[in-house]
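J.: give the three-dimensional model of this entry:
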Amino acid sequence: MQENESKDEALLRTVVAGLVAGAVVAFGLLVLLYFWQFGSQGLSPDQGHWGQFGDYLGGTLNPLLGFTSVVLLALTLSEQRKMLAETRRQAVLEELQRLLSARSQRLDEALAVQFDAYDTPVQFLETSQAGIPRRPSGIIRSLGKSKSVQAQIQRAMVVILSGRINEAQVSALAYYSPVRSALKQLHNLDECLREFLSRGGDPVIGRLYGSQYAQVAKLLYVLDRLGIHPPGLLDFSADATRRLGLDQFADRSEPVLAEYLATWEAKAKEAADAGTPPNPA
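T.: Numbers count the residues shown, from 1 in each chain. The predicted structure follows:
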């Protein structure tokens, strides 16, 4: 954007300088032509001759100067329109930045919600690699062991990328209310960020938000890649992946996600061939 503005300013200065230089050259040529034609008679003491010389200059230069004035006026109006458009664009960007800040705050609040994974559809987050609960549930469990949604999502990403999760568990995670709320808030933030960048906003802001909410963004990408879309969450597009700086993560996680999809498709095919409902586990 700044590069285009610099080019426009350089073009405007070139046009103005060209018009001024053209007017000066035209004036000089007219004077030289007059004296070349009539200069042999010397300078006339007759005031009428000087009046005729003035009429000659005015009659030839006035149209040129008038045209130059019209061009300069048009350039000035064009520049003013550009300045007005830029002012409006900056105002929109400032409003979008305030909206981004507000949505970021709502996402922070959603990520700060505390919950205990035990006795919930996402209890698998608190199991070991062998699927054994890390601590007992029910009345015996100790108090004060709740974790924030952000911590649970971080744990979920470890479980997912290690290949220790099945389709039913991924769906349970995506549909579990505290997690889904955080994902929805990130989706809203990304929509606002998309509008911000489309209007010339700094792409660095997108990468900063992507770094700040990396785990939530990665989970949203994984769910989209696995074809799991809870209500209110649209597809996580390739553009969103670039906006939030997840390109490298997408490349690294592709083998694991592709293996998940192949395994789930194989199980679904086996169940279909056997004439029984597929077992997501």
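J.: you'd agree residue 200 is in a helix?
T.: No - looking at residue 200 with DSSP: H, G, I helix; E, B strand; the rest coil, it is coil, so not inside a helix.
J.: that one - how many residues pack around it?
T.: Neighbourhood size, residue 200 [other CB atoms under 10 Å]: 14. Placement of C-beta: from N, CA and C, glycine included.
J.: quick one: it and residue 90 touch, right?
T.: No - with contact defined as CB atoms under 8 Å, residue 200 does not count as touching residue 90 (9.2 Å).
J.: contacts only, for residue 228.
T.: For residue 228, the contact set (CB atoms under 8 Å, 6 or more residues apart in numbering) comprises 170, 171, 174.
J.: packing partners of the helix or strand where residue 79 lies?
T.: Assigned by DSSP states H and E, residue 79 falls within helix 47-112. Packing partners of helix 47-112 (3 or more CB pairs under 8 Å, 6 or more residues apart in numbering; DSSP states H and E): helix 2-38, helix 149-161, helix 177-198, helix 203-212.
J.: can you show me the CA trace of the last one as CSV?
T.: These are the backbone C-alpha positions of helix 203-212, laid out as CSV (Å, rounded to 0.1, in the frame of the first residue of the first chain):
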residue,chain,number,x,y,z
PRO,A,203,-0.3,-9.3,8.0
VAL,A,204,2.0,-9.4,11.0
ILE,A,205,-1.1,-8.9,13.2
GLY,A,206,-2.6,-12.1,11.9
ARG,A,207,0.6,-14.0,12.7
LEU,A,208,0.7,-12.5,16.2
TYR,A,209,-2.8,-13.7,16.9
GLY,A,210,-1.9,-17.1,15.4
SER,A,211,1.1,-17.3,17.8
GLN,A,212,-1.0,-16.2,20.8
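J.: between the contacts of residue 228, which sits nearest residue 248?
T.: residue 170 (22.2 Å; CB to CB).
J.: residue contacts, the closest one?
T.: Counting by CB under 8 Å, 6+ apart, residue 170 has contacts 160, 223, 226, 228.
J.: repeat that for residue 153.
T.: Per CB under 8 Å, 6+ apart, neighbours of residue 153: 111, 179, 182, 215, 216, 219.
J.: before we move on, the earlier item: wait, which of the helices and strands packed on helix 47-112 is closest to residue 262?
T.: helix 149-161 (15.4 Å).
J.: what angle separates that closest one from helix 47-112?
T.: 80 degrees (axes from the mean of the first three to the mean of the last three CA atoms, to 10 degrees).
J.: quick check: buried residues in helix 149-161?
T.: 149, 150, 152, 153, 154, 155, 156, 157, 159, 160, 161 (16 or more other CB atoms under 10 Å).
J.: any chance of CSV for the helices and strands packed on helix 47-112, columns distance to residue 67 and mean pLDDT?
T.: Listed next are these as CSV, based on distance: least, CB to CB, whole Å; pLDDT from 0 to 100:
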stretch, distance to residue 67, mean pLDDT
helix 2-38, 9, 68
helix 149-161, 67, 89
helix 177-198, 40, 92
helix 203-212, 44, 90
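J.: reformat those as JSON lines; add distance to residue 78.
T.: Converted to JSON lines, the helices and strands packed on helix 47-112 look like this (distance: least, CB to CB, whole Å):
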{"stretch": "helix 2-38", "distance to residue 78": "8"}
{"stretch": "helix 149-161", "distance to residue 78": "50"}
{"stretch": "helix 177-198", "distance to residue 78": "24"}
{"stretch": "helix 203-212", "distance to residue 78": "29"}
